[in-house]
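> for reference, the sequence and a predicted model appear below.
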Amino acid sequence: MTITARVDPRKVVIFGAGATGRGHIGQLAYASGYRLVFVDKDESLVRELSASRRYTVRLVGAKVHEVVIEDFTVLPLSDEHAVAGEIASARLVLTAVLAENLPGVAKALSRGIIRRAELGIEAPLNVIACENMINGSTTLRGHVLEALDARYHDYLRAHVGFPNAMISRVVPAPKADRLLLEAEDYNEWPVDRGGFLGEDPGIQGLSLVDNLPALLERKLYMHNTGHAVCGYLAWLKGYEVMCEAIMDPWIQAVVRGAMNESGEALRRKHGFSQESIARYGEDFIPRVAGKLIIDPVSRVIRSPLRKIGRNERLIGPACMALDYGLVPKNLALGIAALLCYRAPDDPEAEQLQHMLHQEGLTQVLRQAGGVDLEAYPALEDLVQAALEELKLPI
């Protein structure tokens, strides 16, 4: 039996009630008339949001204005039955949990998908991973298939879409008051039309596109690259906030140089015009330099093992630049700065330092960076030269 009445066409379940979940995708969905259901593993945050029944997003741009979000539901991830029930009746599921937490989300998702299948619901469910990674929804789909009983795989293939997406808006973690979020009044949220099932959901700022891979690489290899280069160089020079670091003449020059190297490689690969690449790059510096949002350097540079990955924001564009005969000297400076990063409260930083001291630069580039050094022999030389230029032994 097909049951479509059980699906609420204006309900969205959002895994992750943190800064991005509430201050970006949740704010836009609420502005579009959706009823929000947040799911989070932080039970103290769940209790605080449940008690308040409202929170505020302060959007900072040319002007500052506040938006109050209210009448939402919030559930702990541990309440498996209730979470599955909300997924069963939702139109959309979004995640904003960081890549390493997607396997945990997949288990909860699988229970909701089973509930939909057992109810005979044929209305499509789209699951969009709103993470800073390439192919986040595809990755999540793989985790869901692992967690889901094989009897329900056909149902998933027919009725659950996992369109990849890209998001861009700076929302720093709240300080003392978790019910007040500050966010830049800026948004990019393209979603792959080919992976989306059914009609456009009509969410403000979410656009279905046909060229998502190119847009994803442009964002990751320009804006995320710029953030990473700025952040790791800022750490080396002792800056604590991004808006101060980007105004350092040397840091800004290296950031611009790295983005130019990435931008030229992207232009040659995807056919972007020089003008569009230049505009996209110039958009970056004013966003970071804006002092109304204080973005900590520590937020930008955490998780270096993930950020040094082969398809990530530093090694990815460096290898692409080499593919097109370019010399990514500034990107190499960013990689070198990342390799020097130390933070006792960041387990990945400590693990990376252990790998460097035990196995050396070559093996770190091969193993953590996923680089085929036979195909890219120049990359190791460029990184070694950058380390020498920075006068920082590893």
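Looks like it came in fine.

> C-alpha from now on. contacts and neighbour counts both.
OK.

> how much space between Ser137 and Val255?
Per C-alpha to C-alpha, to the nearest Å, Ser137 is found 29 Å from Val255.

> neighbour count winner among those two?
Val255 (29 against 25; other C-alpha atoms under 10 Å).

> now do the contacts for the more buried one.
Contact analysis of Val255 by C-alpha atoms under 8 Å, 6 or more residues apart in numbering lists Gly226, Val229, Cys230, Asn330.

> and it, helix, strand or coil?
Assigned with DSSP: H, G, I helix; E, B strand; the rest coil, Val255 falls in the helix class.

> which helices and strands sit right next to the helix or strand of the chain with the lowest mean pLDDT?
The weakest-scoring helix or strand in the chain, judged by mean pLDDT, DSSP states H and E, is helix 284-289 (a mean of 90). Judged by 3 or more C-alpha pairs under 8 Å, 6 or more residues apart in numbering; DSSP states H and E, the packing partners of helix 284-289 are helix 242-245.

> for the helix it packs on, name the packing helices and strands.
Helices and strands touching helix 242-245, by 3+ C-alpha pairs under 8 Å, 6+ apart, are helix 225-237, helix 284-289.

> do I have it right that Gln204 meets Gly33?
No: look at Gln204 against Gly33 with C-alpha atoms under 8 Å: they stay out of range, at 9.5 Å.

> so which of those two has more stuff around it?
Between Gln204 and Gly33, counted using other C-alpha under 10 Å, Gln204 has the larger neighbour count: 16 against 13.

> where's the more buried one, which helix or strand?
Per DSSP states H and E: Gln204 is located in neither a helix nor a strand.

> which residues does it contact?
Leu28, Ala29, Ala31, Ser32.

> from those, which would you call buried?
For those, a neighbour count by 16 or more other C-alpha atoms under 10 Å gives the buried set as Leu28, Ala29.

> packing partners for the helix or strand that contains Leu45?
Using DSSP H and E, Leu45 maps to helix 43-52. Where contact means 3+ C-alpha pairs under 8 Å, 6+ apart, helix 43-52 is packed against strand 73-76.

> at 10 Å what do you get?
Counting contacts by 3 or more C-alpha pairs under 10 Å, 6 or more residues apart in numbering; DSSP states H and E, helix 43-52 is packed against strand 35-40, strand 73-76.

> any idea which helix or strand comes after that helix?
strand 54-60.

> measure how far that next one is from the centre of its chain, please.
Its chain's C-alpha centre and that of strand 54-60 lie 20 Å apart, by C-alpha atoms, centre = their mean, to the nearest Å.

> ok, now stretch 110-129?
Relative to the centre of its chain, stretch 110-129 is centred 24 Å away, using C-alpha atoms, centre = their mean.

> report the contact partners of Ser303.
Asp346, Pro347, Glu348, Ala349, Leu352 (C-alpha atoms under 10 Å, 6 or more residues apart in numbering).

> how about a cut-off of 6 Å?
Counting by C-alpha atoms under 6 Å, 6 or more residues apart in numbering, Ser303 makes contact with Glu348.

> quick check: domain ranges of this structure?
As assigned by automatic domain parsing, the chain contains the domains 11-209, 213-390.

> which SS state does Ala183 fall under?
Ala183 falls in the strand class when you classify it by three-state DSSP.

> tell me where this structure has strands.
All strands of the chain, identified by DSSP state E, fall at 11-15, 35-40, 54-60, 64-70, 73-76, 92-95, 125-129, 160-161, 180-184, 190-192, 207-209.

> now distance to Trp235, mean neighbour count and mean pLDDT too, for those, in JSON lines please.
Formatted as JSON lines, those follow (distance: least, C-alpha to C-alpha, whole Å; neighbours: other C-alpha atoms under 10 Å; pLDDT from 0 to 100):
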{"stretch": "strand 11-15", "distance to Trp235": "31", "mean neighbour count": "26", "mean pLDDT": "98"}
{"stretch": "strand 35-40", "distance to Trp235": "31", "mean neighbour count": "24", "mean pLDDT": "98"}
{"stretch": "strand 54-60", "distance to Trp235": "25", "mean neighbour count": "19", "mean pLDDT": "96"}
{"stretch": "strand 64-70", "distance to Trp235": "29", "mean neighbour count": "14", "mean pLDDT": "96"}
{"stretch": "strand 73-76", "distance to Trp235": "35", "mean neighbour count": "21", "mean pLDDT": "98"}
{"stretch": "strand 92-95", "distance to Trp235": "29", "mean neighbour count": "23", "mean pLDDT": "98"}
{"stretch": "strand 125-129", "distance to Trp235": "29", "mean neighbour count": "27", "mean pLDDT": "98"}
{"stretch": "strand 160-161", "distance to Trp235": "40", "mean neighbour count": "22", "mean pLDDT": "98"}
{"stretch": "strand 180-184", "distance to Trp235": "23", "mean neighbour count": "24", "mean pLDDT": "94"}
{"stretch": "strand 190-192", "distance to Trp235": "31", "mean neighbour count": "22", "mean pLDDT": "97"}
{"stretch": "strand 207-209", "distance to Trp235": "36", "mean neighbour count": "18", "mean pLDDT": "97"}
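
> which stretch among those comes nearest Met247?
strand 180-184 (18.5 Å; C-alpha to C-alpha).

> what angle do that closest one and strand 64-70 make?
130 degrees (axes from the mean of the first three to the mean of the last three C-alpha atoms, to 10 degrees).

> off-centre distance for strand 180-184?
For strand 180-184, the distance to the chain centre is 17 Å (C-alpha atoms, centre = their mean).

> given it, what are its sheet partners and their directions?
Strand 180-184 has its sheet partners listed here by DSSP bridges as strand 54-60 (parallel).
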